[in-house]
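A.B. asks: Sharing a sequence plus its predicted fold:
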Amino acid sequence: MNKFAFQKELERVCRGEVLLDEPMSQHTSFGIGGPAEAFVCPADIADLREILTIAKEAAKPIFVIGRGTNLLVSDAGVSGLVIRLNQSCSKIRASDGRLCAGAGVELSQILQLCIQQGLGGLEFTAGIPGTVGGAVKGNAGTLKAEISDPLLEVETLDTNSLELSILKKGQIIFKYRRSSLPKELLLTAVTFQLYPEDPVNVKTRVEDYLKTRLTSQPVGEKCAGCIFKNPPGHSAGQLIEQAGCKGMSCGDAMVSELHANFIINRSKAKASDVLKLIDEIRERVRTTSGIELELEIEVVGQ
Ligand SMILES: Cc1cc2nc3c(=O)[nH]c(=O)nc-3n(C[C@H](O)[C@H](O)[C@H](O)COP(=O)(O)OP(=O)(O)OC[C@H]3O[C@@H](n4cnc5c(N)ncnc54)[C@H](O)[C@@H]3O)c2cc1C
């Protein structure tokens, strides 16, 4: 199936939203990224299955996106299908200390429910943008905790068999900012085991975490969070600062003056600018400390 026929077929079948040749810069917190051949928001799981079938028949690659807050999408864009599960996986409910959220639900929405219902255990996620699906896939976290800590189980859809299944936490390996969840499994829902807590305490802790972020990170700037993982026993931000990289720039991409492990897009930075800056930072850190920095953000696209 050629590109035109693929796009037409998606428009014919999908009951949700279909955007063709959609600039990914509209869907990433970096504000960077060329066009996706097709960007779809399925209406529900049945719609998602139909869409996956079309992609399979057309032999098109699939990429599932949350809020695009941990991604650097290339300037050439993404071939194939980008799927966003905001409509199809948007339910959220809590009872008996268990909170179940569709994978497209944002962490901030989950925290609001935790405050309303007096549920503790996820406050440390305050200020981490993005969806719960993206957070579990990458085991998002802070120095305090990781999203896998209060996790009970996930619901997944296999992009090959189109079957839904439940995976218990013990069936998934979680490490620092990564999980063993394979690419062919899309997360559709996530369940946490939380604990009863005074709503005032939950709210206070959330606000405290948010305040700390405001003073230590370039909140509100176009960025994708920490660019590099912390090497064992080191802070990537400190290593980058010691290497004299703060304020360094390439085009409109600049190393944040506030937190050296953040690169910000001052206006119209390209992915190529960010990648050049990343290479330069790595080179300088290697020279000054002998340490090889590993990317925390995911580079996507052609
Ligand atoms: C200002 C700022 C601060 C940040 N602070 C932190 C922090 O403190 N700690 C931290 O860990 N991260 C942080 N991040 C990075 C980012 O917010 C997290 O990694 C977040 O969990 C990514 O979620 P997302 O929905 O945006 O995922 P995306 O960036 O859209 O995707 C990330 C990965 O998850 C996959 N994915 C998304 N949804 C699904 C799904 N339903 N099923 C299967 N795979 C899926 C994608 O394919 C991709 O591989 C920060 C980012 C910013 C911009």
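C.D. replies: It's in. Numbering: from 1, shown residues only.

A.B. asks: Tell me which stretches of the stretch 51-200 of the chain form strands.
C.D. replies: For the stretch 51-200 of the chain, strands defined by DSSP state E, counting those that start in this stretch occupy the ranges 62-65, 71-73, 78-84, 92-95, 98-102, 119-120, 151-158, 164-168, 174-175, 178-179, 185-193, 195-196.

A.B. asks: Likewise for the stretch 201-302 of the chain?
C.D. replies: Counting by DSSP E, counting those that start in this stretch, the stretch 201-302 of the chain has these strands, from start to end: 249-250, 253-255, 263-265, 298-300.

A.B. asks: ok, the second one: who's next to it in the sheet?
C.D. replies: Yep, that's strand 253-255 we're talking about. Strand 253-255 pairs in its sheet with strand 249-250 (antiparallel), strand 263-265 (antiparallel), by DSSP bridges.

A.B. asks: Mind listing residues that contact that strand?
C.D. replies: 240, 245-249, 262-266, 269-270, 273-274, 276-277, 281 (C-beta atoms under 8 Å, 6 or more residues apart in numbering). Heads up, the C-betas are built off the backbone N, CA and C, glycines and all.

A.B. asks: out of those, which are inside helices?
C.D. replies: Taking DSSP state H, the ones among these that sit in helices are Ile240, Asp273, Val274, Lys276, Leu277, Ile281.

A.B. asks: Now a ChimeraX select for only the buried ones of those.
C.D. replies: Only the buried entries of these go into this ChimeraX selection, using 16 or more other C-beta atoms under 10 Å:
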select :240,273,274,277,281
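
A.B. asks: Of the ones in helices among the contacts of strand 253-255, which is the nearest to Arg15?
C.D. replies: Val274 (36.0 Å; C-beta to C-beta).

A.B. asks: re earlier: tabulate the strands of the stretch 51-200 of the chain (a markdown table), appending mean pLDDT, distance to Ser108 and mean neighbour count.
C.D. replies: Below are these laid out as a markdown table (pLDDT from 0 to 100; distance: least, C-beta to C-beta, whole Å; neighbours: other C-beta atoms under 10 Å):
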| stretch | mean pLDDT | distance to Ser108 | mean neighbour count |
| --- | --- | --- | --- |
| strand 62-65 | 98 | 17 | 21 |
| strand 71-73 | 98 | 19 | 26 |
| strand 78-84 | 96 | 17 | 22 |
| strand 92-95 | 96 | 12 | 14 |
| strand 98-102 | 98 | 12 | 21 |
| strand 119-120 | 98 | 15 | 21 |
| strand 151-158 | 98 | 18 | 20 |
| strand 164-168 | 98 | 25 | 13 |
| strand 174-175 | 98 | 22 | 14 |
| strand 178-179 | 98 | 21 | 16 |
| strand 185-193 | 98 | 15 | 22 |
| strand 195-196 | 98 | 20 | 10 |
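
A.B. asks: Tabulate the ones you listed (a markdown table), appending distance to Phe6.
C.D. replies: Formatted as a markdown table, the strands of the stretch 51-200 of the chain follow (distance: least, C-beta to C-beta, whole Å):
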| stretch | distance to Phe6 |
| --- | --- |
| strand 62-65 | 12 |
| strand 71-73 | 20 |
| strand 78-84 | 8 |
| strand 92-95 | 33 |
| strand 98-102 | 27 |
| strand 119-120 | 43 |
| strand 151-158 | 21 |
| strand 164-168 | 25 |
| strand 174-175 | 35 |
| strand 178-179 | 30 |
| strand 185-193 | 19 |
| strand 195-196 | 48 |
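
A.B. asks: which ones are touching the residue nearest to Thr156 when sequence neighbours are not counted?
C.D. replies: Take Thr156 and drop its neighbours on the chain: the residue closest to it by C-beta to C-beta, 6 or more residues apart in numbering is Leu185, 4.2 Å away. Applying C-beta under 8 Å, 6+ apart, we find Leu185 in contact with Thr156, Leu157, Asp158, Thr159.

A.B. asks: Of those residues, which is the nearest to Leu48?
C.D. replies: For the contacts of Leu185, the minimum distance to Leu48 (C-beta to C-beta) is 6.8 Å, reached by Leu157.

A.B. asks: Perfect, that will be all.
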